[in-house]
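Undergrad: Sequence plus predicted model, see below.
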Amino acid sequence: MDIGVLRRDGRTDPFFDGTASDRLVIKRCEACGLWFAPDASGCPECGEEDLGWAEASGAATLVTWTVLPKDPPAFLALVELAEGPWLHARLDGVARGDLREGLPLRVTFEHPAEGESYILFRP
Amino acid sequence: MGIPRGTSIVGLGMTELGKVYGRSPRRLAADAVRLAARDAGLALGDLDGLLVSHGMGGSPGIELAGTLGLRDLRLLSQVNAFGATAGAMVSYAAAAVLSGTATAVACVFADAPLKPKQSAGSAYNRSAREWYGFGGMTAALGLRSVNSFYALAAQRHMARYGTTSEQLGAIAVSTRAWASRNPLAQMRDPITLEDHQNSRWVSEPLHLLDCCLVSNGAIAVIVTGDDRARDLARPPVHLWGWGQGHPGHRKERGSDFGLTTGAVSSGATAMKMAGITPADVDVCELYDCYTYTVLVSLEDYGFCAKGEGGAFAASGALGPGGSLPTNTGGGQLSAYYMWGMTPLSEAVIQARGDGGERQAPSNDVILVSGNGGILDHHSTLIVSPHRKGA
């Protein structure tokens, strides 16, 4: 799929270091152990201001979804990582009939010719 | 004059709304404030408070006071709680009047996202060739329209409670039926459920007819104390209660995103202040950026049980002749999109009995909602033609 060119922003670079080597690296609060999306800016649970980075398992479940009327249709979603946080995501290899709350998903990694590697989720 | 015990909306000013070009948001806002003052029978110089809010364009701000030539104001602020702002502004104005901070406060919203020869849909769209960071990645992958974020919320409600697209469509149809009776509405041709189902997908499960309009224009209201309101040009619209709710749903396991909204606490706060229950409400003017927003708000206010909003809407309760007339002017879906000023302006019209062909049969208690972000922020007003407790 053509998504344009993805560049780093200086704030979520460890995530893209991860995607380049097929690892899902997200934020984690070292103080209380909660996991967060890569663009989280602090721990709302314990107040820790500096979150660390850690490798997630890549397992997820489907929370909810929407389909954009493109050709082919774009399946977009909120997914819940096994570690707890939700990510806005794009699904790959699904049809409308597959979609249900709790559908098990796994992260996959795409390596375009130009720009940063990115993630999709597949059943 | 002592400090009043109650407050009222005494003026309503609405510019032309919709494809209105050639005036900046600041100019539109100034025009709306002038119209509201004239409607109330007040001179601009009688205003000693001004609260200003704007749409995505970032204007107007508090410089509007200078544009209007207002002097010696005792209250002047910009307010922003996204779509919950109109209700918030009115509550702050009322609180200012009740505390003696100010005596006559104008609250105004203006926006002009539409440009000539541009489609409504593209007014808020983002697209780019290059994207930056993790947030840029999700946008690049296709999640970049507010329509899609609301679609995620609506789909979750559908999956959890069995809500259907046809039930959302019932809201589009009843809202348009009201709009067909409102000369101020942009979209007045009646629609059927079939029209709704056949309208194109914007972002499944939302059809085009599940989504609000985009409008240019401005609306202002003026809040004063009841003591003063008696002597003005129009019958006062009494403020019985107000509330806000900002649930702070985190995007993580266990979140109620899409299932419940800030209307739960906002409604409870406002109804407690007003001394009413949902059974006392005659008319609802609900923030309807999407049909789904109406459905989930009705549940969260307690007009039906959680998960039964779809059946409630499909029962015909919301339309002309129904048990709970809702969005009697055609709302944001069919009349005009002035953020929280859309439901508020229609509430003032209904409370005054000025609804003409669309006047609800009973208007003693009117509930007004505001909703902002992706169901992140909510405000509620309870208004009435009668003094509270009278």
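TA: Received it, and whenever you're ready, just let me know what you need. Numbers count the residues shown, from 1 in each chain, chains lettered A, B, ... in the order given.

Undergrad: next one: phi and psi at whichever residue of chain A sits closest to chain B?
TA: In chain A, no residue comes nearer to chain B than A:D9, which is 2.9 Å away by C-beta to the nearest C-beta. Every C-beta, even on glycine, is put in place using the N, C-alpha and C of the backbone. Main-chain torsions, A:D9, degrees, to the nearest 10: phi -120, psi 0.

Undergrad: Next: the one 10 residues further on.
TA: Listed backbone geometry of A:T19 is phi -60, psi -30, with angles given as degrees, to the nearest 10.

Undergrad: okay, now it: neighbour count?
TA: Residues near A:T19, counting by other C-beta atoms under 10 Å in any protein chain shown, number 22.

Undergrad: Quick check: it touching A:F109?
TA: Yes: between A:T19 and A:F109 there is a contact at 5.5 Å, judged by C-beta atoms under 8 Å.

Undergrad: anything in contact with each of these two?
TA: Here A:T19 and A:F109 share the contacting residues A:117-119, scored by C-beta atoms under 8 Å, 6 or more residues apart in numbering or on different chains.

Undergrad: Among the residues you listed, which are located in strands?
TA: Judged by DSSP state E, strands contain the following of the shared contacts of A:T19 and A:F109: A:118-119.

Undergrad: Get me the contact residues on the stretch 151-300 of chain B for chain A.
TA: Residues of the stretch 151-300 of chain B lying near chain A by C-beta under 8 Å from any C-beta of the partner chain: B:151-153, B:155-156, B:159-160, B:200-206, B:250-253, B:255, B:257-258.

Undergrad: hmm, 10 Å instead?
TA: When proximity is defined by C-beta under 10 Å from any C-beta of the partner chain, the stretch 151-300 of chain B lies next to chain A at B:151-160, B:200-206, B:248-255, B:257-259.

Undergrad: Can you select the buried ones from those in PyMOL?
TA: Buried members of these, defined by 16 or more other C-beta atoms under 10 Å in any protein chain shown, are picked up in PyMOL with:
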select buried, chain B and resi 151+152+153+154+155+156+157+158+159+201+202+203+204+205+206+249+250+251+252+255+257+258+259
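
Undergrad: Keep only those of the residues of the stretch 151-300 of chain B next to chain A that are in helices.
TA: Within those, residues falling in helices by DSSP state H are B:151-160.

Undergrad: What distance do you get for the closest residue in space to B:T269 that isn't next to it in sequence to B:I9?
TA: Computed as C-beta to C-beta, 6 or more residues apart in numbering or on different chains, the closest residue to B:T269 that is not its neighbour in sequence is B:G243, at 3.0 Å. The spacing between B:G243 and B:I9, counted by C-beta to C-beta, to the nearest Å, is 17 Å.

Undergrad: ok, back up a step: so which other helices or strands are in contact with the helix or strand encompassing the residue nearest to B:T269?
TA: Per DSSP states H and E: B:G243 is located in strand B:237-245. Secondary-structure packing of strand B:237-245 (3 or more C-beta pairs under 10 Å, 6 or more residues apart in numbering or on different chains; DSSP states H and E): strand B:7-14, helix B:85-99, strand B:217-225, helix B:226-229, helix B:263-274, helix B:341-351, strand B:366-372, strand B:377-384.

Undergrad: What strands flank it, and is each parallel or antiparallel?
TA: As defined by DSSP bridges, the strand partners of strand B:237-245 come to strand B:7-14 (antiparallel), strand B:377-384 (antiparallel).

Undergrad: any idea of the angle it forms with strand B:366-372?
TA: Orientation of strand B:237-245 against strand B:366-372 (axes from the mean of the first three to the mean of the last three C-alpha atoms, to 10 degrees) gives an angle of 40 degrees.

Undergrad: Distance from strand B:237-245 to the middle of the chain?
TA: Centre-to-centre, strand B:237-245 and its host chain are 13 Å apart (C-alpha atoms, centre = their mean, to the nearest Å).
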